[in-house]
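Student: dropping the sequence and predicted coords here.
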Amino acid sequence: DAKTTQPPSMDCAEGRAANLPCNHSTISGNEYVYWYRQIHSQGPQYIIHGLKNNETNEMASLIITEDRKSSTLILPHATLRDTAVYYCIVRSIHSGSARQLTFGSGTQLTVLP
Amino acid sequence: GAGVSQSPSNKVTEKGKDVELRCDPISGHTALYWYRQSLGQGLEFLIYFQGNSAPDKSGLPSDRFSAERTGGSVSTLTIQRTQQEDSAVYLCASSPRGSGRMSIAEYNEQFFGPGTRLTVL
């Protein structure tokens, strides 16, 4: 799986949009971008995934650049409960191995009141 | 619907004792993973079960660690003769992988339980 690079920390004001960047310049054509988050003392939580088109669900939006070398996770109206470590992962769509998750260091997002 | 559940939520044990950690995956999910996470660290893969296939035990750190999955559902992770370095949060995840008609990207999603915090004194 391709390596990802994320800033170690970000702050965001409550009610504002949180934009979390991720670089994945070595991504290959069969790899998806996944985002998970982990709130303190809880297990990781799936947020969203995408291949090349922008995606939106009830939690967030995912914007992937045309060259797919970077992406941005957008939380449109951040709340205090969104404070967590956010992990960007690039994973092949092909099965055949266990496909266990491997998280990097992620971005610690702190939503400020 | 019900998510992944784990028990106990916290376990404190003495060095040298055996412990059993339990995971109840989401009903119908065929894939089950065990990970552990030390304080401030990332996920460390331990073991993976997929249907009736032989489990992938490549992540188990020593032969003191073992896991089983009975009836393709509930899983138990056993740590024998616990050591202080075994202290961590043990996370279980399940995935619908291969259990329905969905895209590969969707069935690679993993749903995590709340974890068991193990402290070895």
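Tutor: Sure, I can see it. Predicted model only: the values in this text are computed from it and were never measured.
Student: secondary structure element for the residue lying closest to A:Ile89 once chain neighbours are set aside, which one?
Tutor: Counting by C-beta to C-beta, 6 or more residues apart in numbering or on different chains, the nearest residue to A:Ile89 once its immediate chain neighbours are dropped is A:Tyr34, at 4.6 Å. Heads up, the C-betas are built off the backbone N, CA and C, glycines and all. Secondary structure from DSSP states H and E places A:Tyr34 in strand A:31-38.
Student: how far out from the middle of the chain is that strand?
Tutor: 5 Å (C-alpha atoms, centre = their mean, to the nearest Å).
Student: from the contact counts, what lies against it?
Tutor: strand A:18-23, strand A:45-50, strand A:61-64, strand A:84-92 (3 or more C-beta pairs under 8 Å, 6 or more residues apart in numbering or on different chains; DSSP states H and E).
Student: just put those in CSV and tack on mean pLDDT and distance to B:Glu68.
Tutor: Output for these, formatted as CSV (pLDDT from 0 to 100; distance: least, C-beta to C-beta, whole Å):
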stretch, mean pLDDT, distance to B:Glu68
strand A:18-23, 96, 37
strand A:45-50, 90, 26
strand A:61-64, 97, 37
strand A:84-92, 89, 27
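Student: sketch out the low-pLDDT regions of chain B for me.
Tutor: Within chain B, the stretches with pLDDT under 70 are B:1, B:97-108.
Student: chain A contacts on that one?
Tutor: B:4, B:33, B:35, B:42-43, B:45, B:48, B:50, B:56, B:58-59, B:91, B:93, B:97-98, B:104-105, B:108-115 (C-beta under 8 Å from any C-beta of the partner chain).
Student: surely B:Ile79 touches B:Ser62?
Tutor: No - taking contacts as C-beta atoms under 8 Å, B:Ile79 lies outside contact range of B:Ser62: 9.2 Å.
Student: okay, the two: which has more neighbours?
Tutor: Here B:Ile79 and B:Ser62 are compared on neighbour count by other C-beta atoms under 10 Å in any protein chain shown; more neighbours surround B:Ile79, at 25 against 11.
Student: which residue, other than its chain neighbours, is closest to the more buried one?
Tutor: B:Val19 (5.1 Å).
Student: the one you found: what's it in contact with?
Tutor: Contacts for B:Val19 (C-beta atoms under 8 Å, 6 or more residues apart in numbering or on different chains) come out as B:11, B:13, B:78-79, B:82, B:118.
Student: B:Ser95 too?
Tutor: B:Ser95 is in contact with B:29-33, B:107-111, counting by C-beta under 8 Å, 6+ apart.
Student: give me the beta-bridge partners of residue 32?
Tutor: Since no chain was named, I'll use chain A. A:Tyr32 forms beta bridges with A:Arg91, as assigned by DSSP bridges.
Student: hmm, I had chain B in mind actually
Tutor: Residues in beta-bridge contact with B:Leu32 (DSSP bridges): B:Phe49, B:Ser94.
Student: thought B:Thr76 was touching it, still the case?
Tutor: No - counting by C-beta under 8 Å, B:Leu32 stays clear of B:Thr76, with 11.0 Å between them.
Student: overlap of the contact sets of the two?
Tutor: By C-beta under 8 Å, 6+ apart, the residues touching both B:Leu32 and B:Thr76 are B:23, B:69.
Student: who has more neighbours, those two?
Tutor: A count of neighbours by other C-beta under 10 Å puts B:Leu32 above the other of B:Leu32 and B:Thr76, at 28 against 14.
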